[in-house]
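Novice: What would the 3D arrangement of this be:
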Amino acid sequence: MRSVGTILFLVVLATVVATGARRWRIPAPSLLVVAGLAVALTPGTPPIRVSPK
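Specialist: Numbering: from 1, shown residues only. Model prediction:
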């Protein structure tokens, strides 16, 4: 169940970043990459494993 919360958090974060990109007139993919790097480099972030099925 913890992974569901993590994925939900990531979806909400991506939505907020994309909305902020529109307001600041910055390309959304650029901000999404920066946000992804920030999340990936945050200590204690749980690994997300997706089954190949």
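Novice: Pull the contacting residues for the most centrally placed residue in the chain.
Specialist: Central residue of the chain (CA atoms, centre = their mean): Leu10, 4.0 Å from the mean position. Leu10 makes contacts with Val39, as judged by CB atoms under 8 Å, 6 or more residues apart in numbering. Placement of C-beta: from N, CA and C, glycine included.
Novice: would you put the C-alpha positions of the host helix or strand of it in CSV?
Specialist: Using DSSP states H and E, Leu10 falls within helix 2-24. Listed next in CSV are the C-alpha coordinates belonging to helix 2-24 (Å, rounded to 0.1, in the frame of the first residue of the first chain):
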residue,chain,number,x,y,z
ARG,A,2,2.9,2.3,0.6
SER,A,3,3.8,2.2,-3.1
VAL,A,4,0.3,3.4,-4.0
GLY,A,5,0.8,6.5,-1.8
THR,A,6,4.2,7.1,-3.4
ILE,A,7,2.8,6.9,-6.9
LEU,A,8,-0.1,9.1,-6.0
PHE,A,9,2.3,11.7,-4.6
LEU,A,10,4.4,11.6,-7.8
VAL,A,11,1.3,12.2,-9.9
VAL,A,12,0.2,15.1,-7.8
LEU,A,13,3.7,16.6,-7.9
ALA,A,14,3.9,16.3,-11.7
THR,A,15,0.5,18.0,-11.9
VAL,A,16,1.6,20.9,-9.7
VAL,A,17,4.9,21.3,-11.5
ALA,A,18,3.1,21.3,-14.9
THR,A,19,0.6,23.9,-13.7
GLY,A,20,3.4,26.0,-12.3
ALA,A,21,5.3,25.8,-15.6
ARG,A,22,2.3,27.3,-17.4
ARG,A,23,2.0,30.2,-15.0
TRP,A,24,5.7,30.9,-15.2
